[in-house]
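Colleague: Give me a 3D structure for the following:
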Amino acid sequence: MNRPLLVLLLLIPLTDSWAQESPLIEPGDWVRFWREWPFDDAHEGSVVGVDADTLVVKEATYETILSIPLTTLTKLEVRRGEGIMGRYWELVLLRETPMAQANQQFWVNMGTGEGTISGLAVGVGFSYQTGNHLISIRAIKEYERIVWNEEKAWEVHGDVDSPGRQNWDVGLLYGRIFEPKYVSVSLSTGLSLAGGVRRGKFLTHRPRRGNVYEKLAIRTLGIPVEVQVSRIISGSDLGFGLYGYADLNPEVSFAGVLLFLQLGKRH
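Modeller: Model (predicted):
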């Protein structure tokens, strides 16, 4: 097939009868294909048959016969060329399926809970989903709990020494999301800037207030991990769920759980 004709065919909107109108592949051709989620990895095989609705392929890895509805294909390539020109992949079909379009979603999480430090953990995050791929930006901070005591002074719950300990991170994460009937579940990891506050050498003692120590601010790179389990309130842009987090690093590794509210474009 000459190149101008191939370009013309790729510019024409695809129809259910593309195999009859444009016989770009035939039995015996070697193809590489992608299907919509959850079968979005590439596979190769030999074409056994093709018609207006179905592609039948003998898959190379397990030598199984696959009967694939054309509406579930997101990309299809056929291997062309022999001899001095070698072999190359020719694009036959490329499209975004209705499922993939529906799964382009984004949302913001805001929550509070309990972390490694005995006290308060807060977090906020932004997530973007396409298919079953998830990209997230998050910020987490943990504080020792602050209470109002009888002397009307702010103190750290269970430990009045200062400065109060803190953990925090800001991370960029990539993961996969799975959506059973009632909830969505995701697991992600990536790279973060993490830090915290720790106590250094002893400085002084305050009567009925505790000891004062040198403040040590820590900065390091870490590996953030998150698990989101959420449910959307039907007919709205609101959701809720549980958010498990951790940051693995050489200085201030920490973990916790948040109860969060979710706002965004979800289905």
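Colleague: quick one: low-confidence ranges for the stretch 151-267 of the chain?
Modeller: 151-160, 181, 208-209, 266-267 (pLDDT under 70).
Colleague: ranges for the strands of it?
Modeller: Assigned by DSSP state E, counting those that start in this stretch, the strands in the stretch 151-267 of the chain fall at 154-156, 166-178, 184-206, 210-232, 238-248, 254-265.
Colleague: So which of those strands is nearest residue 68?
Modeller: Residue 68 lies closest, by C-beta to C-beta, to one member of the strands of the stretch 151-267 of the chain: strand 166-178, at 22.1 Å. Every C-beta, even on glycine, is put in place using the N, C-alpha and C of the backbone.
Colleague: so how far is the closest one off the chain centroid?
Modeller: Relative to its chain's centre, strand 166-178 lies at 9 Å (C-alpha atoms, centre = their mean, to the nearest Å).
Colleague: I'd like to know which elements it is packed against.
Modeller: Contacts defined by 3 or more C-beta pairs under 8 Å, 6 or more residues apart in numbering; DSSP states H and E place strand 166-178 against strand 133-144, strand 184-206, strand 210-232, strand 238-248.
Colleague: That one pairs with which strands, parallel or anti?
Modeller: The strands beside strand 166-178 in its sheet (DSSP bridges) come out as strand 133-144 (antiparallel), strand 184-206 (antiparallel).
Colleague: Quickly compare those strands and say which is most buried.
Modeller: Counting by mean count of other C-beta atoms under 10 Å, strand 133-144 has the highest mean neighbour count of the strands paired with strand 166-178, with a mean of 20.
Colleague: Throw the helices and strands packed on strand 166-178 into a markdown table and include distance to residue 63, thanks.
Modeller: Output for the helices and strands packed on strand 166-178, formatted as a markdown table (distance: least, C-beta to C-beta, whole Å):
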| stretch | distance to residue 63 |
| --- | --- |
| strand 133-144 | 29 |
| strand 184-206 | 32 |
| strand 210-232 | 37 |
| strand 238-248 | 41 |
